[in-house]
Every structure is written in structure tokens, then in C-alpha cells.
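Student: need a 3D model of the sequence below.
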Amino acid sequence: MAGIHITTFIAAPAERVFDLTRHLAVYKFVFNSRQETFKATAAGNLLLKGETVSIVAKHAGKERLATLKVTTFEKPVLLIEEQVKGDLLNYKHEHHFKPVDNGTIIIDLIEFGVPRDFVGRWLGKIYLKKYLEELTRKRNEVIRGYAETEKWRAVLT
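Tutor: All right, here's what the predicted structure looks like:
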């Protein structure tokens with residue numbers, strides 16, 4: 001099982017950063033591309049415990065699915081998403097939020113297994129960790145872009 005640890009500072013309150021992390025507008029911005037799409041079961045714009053988001057990504061000529069469920073929800077300090085269906089052997093993403101004097105530190109801890117099929121396992125060993133790191137960094141930059149400016153008001157109020 002592989003692991004990723006990314007630490008990001010955002011100059012905004014932890015509650016705002018937490019809510020932006022679970023906001024569907026952030027998912028849409030990060031995962032609506034030629035390579036990835038997403039769908040969510042959320043009743044509103046903010047994912048809650050028990051709700052899911054499904055991400056379909058095209059890699060190595062095949063559509064890859066990951067349905068993630070919010071399994072832990074401790075606002076504004078911890079949000080955990082875990083794969084409940086998908087191509088990976090396993091996937092767990094812990095988002096930890098630590099308030100500091102001038103903002104919030106996000107600590108992303110990701111555990112994952114390579115895809116189940118032969119080609120996926122082979123490519124996963126080479127490519128998957130880098131891909132997930134880039135997606136996490138991109139997501140955190142989107143969150144920063146909202147949280148540190150007045151843009152957050154358009155999605156959270």
C-alpha cells in the first residue's frame with residue numbers, strides 16, 4: 001500500500017477551508033476535464049457524512065472508477081473519504097485541518113492500492129502516486145484561490 005503526505009498552508013479560517021474542501025464546486029473545478037468527470041449523491045452543495053462522490057478518469061485507454069464515501073466528518077478538523085467501489089484495491093484520503101494564528105494548515109494523508117487489472121497495476125506503480133499528488137495539490141490550490149479571496153462568498157453564502 002502506497003502513501004502520500006502533503007501539507008498546505010492557506011491564509012483563511014479552518015471552518016472556511018473545511019467547507020470548501022467538501023464543496024461540490026471544488027470537485028467540479030478539479031474533476032471536470034477531458035480526463036476526469038464526477039457525480040455526487042449530496043443533497044446540497046456540501047458533502048456530509050455518508051454521502052458519496054464518483055469520479056471517472058480515463059487512463060491507459062480505460063475508464064477508471066472511484067466512488068468515495070465520506071466516512072468521518074468532524075467539522076472543522078477532520079474529513080475522511082474512502083473508496084467504496086472502484087478500480088483501486090483501496091483508497092483512503094484523510095484531510096486534517098489545523099488552525100494556526102494566520103490561517104489553516106491542511107494535512108492530506110492518502111493511502112491507496114494500485115488498480116486491479118494487469119495494465120493498471122503496471123502503470124499504477126509508475127504513475128498513480130504522482131497523479132494523486134498532482135490532483136491533491138491542484139485541489140488545494142483551488143481551495144486557496146477561493147478561501148484567500150472574496151470568491152468564497154459566492155459558494156459558501
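
Student: what are the boundaries of the helices in this protein?
Tutor: Secondary structure of the chain, counting by DSSP state H: helices at 14-21, 24-31, 118-123, 129-147, 152-156.

Student: need the winner for burial among these.
Tutor: Most buried of these by mean neighbour count (mean count of other Cβ atoms under 10 Å) is helix 14-21; its value is a mean of 22. From N, CA and C alone the C-beta is placed, and that goes for glycine too.

Student: give the bridge partners for the residue nearest to Val100 when sequence neighbours are not counted, please.
Tutor: The shortest distance from Val100 to any non-neighbouring residue, by Cβ to Cβ, 6 or more residues apart in numbering, is to Phe9 (7.9 Å). Following DSSP bridges, Phe9 is listed with bridge partners Ile105.

Student: before we move on, back to that, can you redo the helices of the chain as CSV with distance to Thr104 and mean pLDDT?
Tutor: Shown next, in CSV, are the helices of the chain (distance: least, Cβ to Cβ, whole Å; pLDDT from 0 to 100):
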stretch, distance to Thr104, mean pLDDT
helix 14-21, 4, 98
helix 24-31, 15, 83
helix 118-123, 34, 62
helix 129-147, 8, 93
helix 152-156, 13, 93
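
Student: related to what we said a few turns ago, for the residue nearest to Val100, give its distance to Thr149.
Tutor: Distance from Phe9 to Thr149, counting by Cβ to Cβ, to the nearest Å: 16 Å.

Student: between those two, who's got more neighbours?
Tutor: Shown here are Phe9 and Thr149; by other Cβ atoms under 10 Å, Phe9 has more neighbours (14 against 11).

Student: contacts only, for the more buried one.
Tutor: By Cβ atoms under 8 Å, 6 or more residues apart in numbering, Phe9 lies in contact with 100, 103-106.

Student: pLDDT and distance to Tyr91 for these - can I get that in TSV?
Tutor: As requested, the contacts of Phe9 are exported to TSV (pLDDT from 0 to 100; distance: Cβ to Cβ, whole Å):
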residue	pLDDT	distance to Tyr91
Val100	97	28
Gly103	98	28
Thr104	98	24
Ile105	98	23
Ile106	98	18
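
Student: much appreciated, bye for now.
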